[in-house]
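>>> Provided below are the primary sequence and the corresponding predicted coordinates.
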Amino acid sequence: MGSTTSCCVSASPKLRRNTHSRLESCHQESELSREETGCNLQHISDRENVDEFNMEFNPSDHPRASTMFLSKSQNDEVPFRNLHEKRKSLFINNHGTLRRKYSSCSTIFLDDNTVSQPNLKYTIKCVALAIYYHIKNRDTDGGMLLDIFDEKLHPLSKSDVPPDYDQQDPEQRQIYRFVRTLFSSAQLTAECAIVALVYLERLMTYAEIDVAPGNWKRIVLAAILLASKVWDDQAVWNVDYCQILKDITVEDMNELERQFLELLQFNINVPSSVYAKYYFDLRSLAESNNLSFPLEPLGRDKAQKLEAISRLCDDSASTQRWNEREKGVPWFVSSPVAEENDRTSKLPLAAA
């Protein structure tokens, strides 16, 4: 267990380069030397000392670093000469868009989408849009190519792959249909889509690869496979994905998962702050692309549920104050727990 030399020898991910690879020759020599020694798995002691400076700029690990998909989506914005020209363009081009609904004293509009329970349909749409911007605005100088993600070498179907498969950018609808098929067939939750996007950007950072037309399907498949096992209590097995994708084998799925984990350096932890950042950045992406979440007026049933929750918090705060009074605590001295419960019980229905 404590030995530095691993007892398991397995083939490391095979690398291929294009003419504009960003990796230097020294990196290739280190990969070759690692294959010769047979130590393909990094020892856990080597992974404990992570460079904290690089962690601060990695969006999948640090909550304050900006997400990569949101930065790439902003590259499509057309620069305007002044604010007046921007307002004029918005008035001319967007005069037919739907108006946003606002709450009033008589009607409260709520979208069924929260950070703890995201809307499945619109979360998948946002994640597909983020993947689309990754492919569209990828680096032009190219990057490291991995055979395990190459759809030409490992096709997902028996149909012939076109010769220019790695040159034609997929449409957003195509990405959405692929992700939706996996989620609907495997009955995955919306949280898995957000975690899968975190793993995708972590792979891009750790392995220094880009999501391209020739590898995006297998990268997304591996990210969803890993996210479903980490997040859901009842994870989908690899053989279940073979029932969804009829032409893929279990051995291929196992190898895809193994190499994906090795490229992530087995870092599958997603802090709550990072998850919340990706959720709100996806909402910002949806708003900037006119992908609004459905707003529904607050009905009687939902209002009664919110009122019941508010009454429950009020009763809990009253019970807390009564117990403190029985213990001899003066009524004007309140504990932090009682103050928090009392503050929550006084929130309006929309905020609760």
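Ah, there it is.
>>> Low-confidence ranges, the stretch 1-150 of the chain, go.
1-56, 76-107, 109-112, 140-144 (pLDDT under 70).
>>> so what's residue 284 up against?
Contact partners of residue 284, counting by CB atoms under 8 Å, 6 or more residues apart in numbering, are residue 70. From N, CA and C alone the C-beta is placed, and that goes for glycine too.
>>> Let's verify it: helix, strand, or coil?
What DSSP: H, G, I helix; E, B strand; the rest coil gives for residue 284 is helix.
>>> Also residue 170?
Relying on three-state DSSP, one would call residue 170 coil.
>>> For residue 279, see how far away the spatially closest residue to it that is not a sequence neighbour is.
Counting by CB to CB, 6 or more residues apart in numbering, residue 170 lies nearest to residue 213, which is 6.1 Å off, once chain neighbours are set aside. According to CB to CB, to the nearest Å, residue 213 and residue 279 sit 27 Å apart.
>>> And those two? Which one has more around it.
residue 279 (20 against 17; other CB atoms under 10 Å).
>>> Quick check: residue 245 touching residue 155?
No: taking CB atoms under 8 Å as the definition, residue 245 is not a contact partner of residue 155, at 10.1 Å.
>>> can you give me the strands for the stretch 201-350 of the chain?
Taking DSSP state E, counting those that start in this stretch, the strands of the stretch 201-350 of the chain run over residues 295-297.
>>> where does it have low pLDDT?
Scanning the stretch 201-350 of the chain for pLDDT under 70 picks out 293-295, 329-350.
>>> which stretches of it form helices?
Under the criterion DSSP state H, counting those that start in this stretch, the stretch 201-350 of the chain carries helices at the ranges 216-231, 238-244, 250-263, 272-288, 300-326, 336-345.
>>> now, of these, which is deepest in the fold?
Of the helices of the stretch 201-350 of the chain, the one with the most neighbours on average (mean count of other CB atoms under 10 Å) is helix 216-231, at a mean of 23.
>>> Show me what that one is packed up against.
Other helices and strands packing on helix 216-231, by 3 or more CB pairs under 8 Å, 6 or more residues apart in numbering; DSSP states H and E, are helix 120-136, helix 172-186, helix 190-207, helix 238-244, helix 250-263.
>>> Using TSV, please lay out those together with distance to residue 288.
Output for these, formatted as TSV (distance: least, CB to CB, whole Å):
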stretch	distance to residue 288
helix 120-136	10
helix 172-186	14
helix 190-207	17
helix 238-244	32
helix 250-263	30
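>>> can you tell which of those helices is closest to residue 283?
Using CB to CB as the measure, helix 120-136 is the one of these that comes nearest residue 283, at 7.5 Å.
>>> Would you indicate which residues of that closest one are buried?
120, 122-136 (16 or more other CB atoms under 10 Å).
>>> that older thread, reformat the helices of the stretch 201-350 of the chain into JSON lines and put distance to residue 167 next to each item.
Output for these, formatted as JSON lines (distance: least, CB to CB, whole Å):
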{"stretch": "helix 216-231", "distance to residue 167": "13"}
{"stretch": "helix 238-244", "distance to residue 167": "27"}
{"stretch": "helix 250-263", "distance to residue 167": "23"}
{"stretch": "helix 272-288", "distance to residue 167": "26"}
{"stretch": "helix 300-326", "distance to residue 167": "49"}
{"stretch": "helix 336-345", "distance to residue 167": "55"}
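>>> Which of those helices sits closest to residue 174?
Of all those, helix 216-231 sits nearest to residue 174, with 9.6 Å by CB to CB.
>>> what about stretch 228-245, how long is it end to end?
Counting by CA to CA, to the nearest Å, you get 16 Å between the two ends of stretch 228-245.
>>> Could you shift the numbering so residue one becomes 42, and keep it that way?
Understood, numbering begins at 42; the last thing we discussed is stretch 269-286.
>>> Other residues contacting that stretch?
Against stretch 269-286 from outside (CB under 8 Å, 6+ apart): 197-198, 222-223, 226-227, 229-230, 232-233, 236, 262, 266, 289-291, 294-295, 298, 309, 311.
>>> please redo it, this time with the cut-off set to 10 Å
Applying CB atoms under 10 Å, 6 or more residues apart in numbering, the external contacts of stretch 269-286 come out as 197-198, 222-230, 232-237, 240, 258, 262, 265-268, 289-295, 297-298, 309-311, 316.
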